[in-house]
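Peer 1: Got a predicted structure plus its sequence, pasted below:
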Amino acid sequence: AICVQSRAILIARLQQFGKLSLEVGAELDAAVGAWAAAHCATVALPKGASGVVLGMDELFGLGVGERLAELAKIIEEIRSLWNPAVAALGSTVLCFVPEPELTSSWLLFERGFFAAAKDLLAKQPGHYHTSEGLSVNRKAVRHLYDNMQNCTKPFFSGGLTQDIGYLHLLGPPKRALVLYDASAHPGVDFKSMRASIVSAVAKTAAAQS
């Protein structure tokens, strides 16, 4: 059981967590929104196709690490008080508080991906009516993020769904991610023109610099 003093500390930390998580969430949304407006754009691709290019260097460069560290510290304090008490009770009803997954680059990528791809995903009929009905699920986005983190090739491509494809460029000049809707361009073989897509994105980056 939790003693009176520890209970008071736990309640205070839970209140801090609620307040800080709302603040950090709002700050993340604002930062990602500004990034999407400044560093995401439609790019003309070969054969009359088009895509959305996302500036990864600018996204990962957003300064949110310190605020997330503040949040993680509070979560750890809550865990240090709550989890031992649950273990001592041997309860099968109460749950342990898990370790926080507050990697700043992953949170930025997840929010940035859906902010930048919102219009592209909305074009998928019957999929974008609710947040639960996104045509690209969180697991697929996480898989793409992990591949990007481990990538050493100049570029690689793949599909998030049957229709939504991507091409990741490591750079130079800049790291970027291109998203496209293959169903909007029937007859276009995006895989066979990867080199042309790389060239088109490089030209766009050069024009913006």
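Peer 2: Okay, I see it.
Peer 1: pull the longest helix from the chain.
Peer 2: Looking across the chain with DSSP state H, the single longest helix is helix 4-39.
Peer 1: and that helix, which residues are buried?
Peer 2: Neighbour-count burial for helix 4-39 flags 9-10, 13, 16, 20, 24, 28, 31-32, 35-36, 39 (criterion: 16 or more other CB atoms under 10 Å). C-betas here are computed from N, CA, C, even on glycine.
Peer 1: Leaving out chain neighbours, which residue sits closest to Leu177?
Peer 2: Sequence neighbours aside, Leu54 is the residue nearest to Leu177 in space, at 4.5 Å (criterion: CB to CB, 6 or more residues apart in numbering).
Peer 1: For Asp189, see how far away that neighbour is.
Peer 2: According to CB to CB, to the nearest Å, Leu54 and Asp189 sit 23 Å apart.
Peer 1: contacting residues for the residue most central in space within the chain?
Peer 2: Taking CA atoms, centre = their mean, the centroid of the chain lies closest to Glu110, which sits 1.1 Å from it. Glu110 makes contacts with 138, 141-142, 145, as judged by CB atoms under 8 Å, 6 or more residues apart in numbering.
Peer 1: Looks to me like it is in a helix.
Peer 2: Yes - per DSSP: H, G, I helix; E, B strand; the rest coil, Glu110 lies within a helix segment.
Peer 1: State the pLDDT value of it.
Peer 2: With respect to pLDDT, Glu110 scores 92.
Peer 1: Then Thr204?
Peer 2: 69.
Peer 1: Also Ala122?
Peer 2: We have a pLDDT of 62 for Ala122.
Peer 1: other SSEs contacting the helix or strand bottoming out on mean pLDDT in the chain?
Peer 2: Within the chain, no helix or strand scores below helix 118-122, which has a mean of 74 by mean pLDDT, DSSP states H and E. With contacts defined as 3 or more CB pairs under 8 Å, 6 or more residues apart in numbering; DSSP states H and E, the packing partners of helix 118-122 are strand 176-181.
Peer 1: ok, back up a step: give me the next element, helix or strand, following the longest helix of the chain.
Peer 2: As assigned by DSSP states H and E, the chain's next helix or strand after helix 4-39 is strand 40-44.
Peer 1: Partner strands of the helix or strand following that following strand and their direction?
Peer 2: Downstream of strand 40-44, the next assigned helix or strand under DSSP H and E is strand 50-55. With DSSP bridges as the test, strand 50-55 is paired with strand 40-44 (antiparallel), strand 176-181 (antiparallel).
Peer 1: where are the low-confidence patches of this protein?
Peer 2: 1-2, 122-134, 204-209 (pLDDT under 70).
Peer 1: So between Leu54 and Asp189, which is more surrounded?
Peer 2: Remark: of Leu54 and Asp189, Leu54 carries more neighbours, 25 against 10, as counted by other CB atoms under 10 Å.
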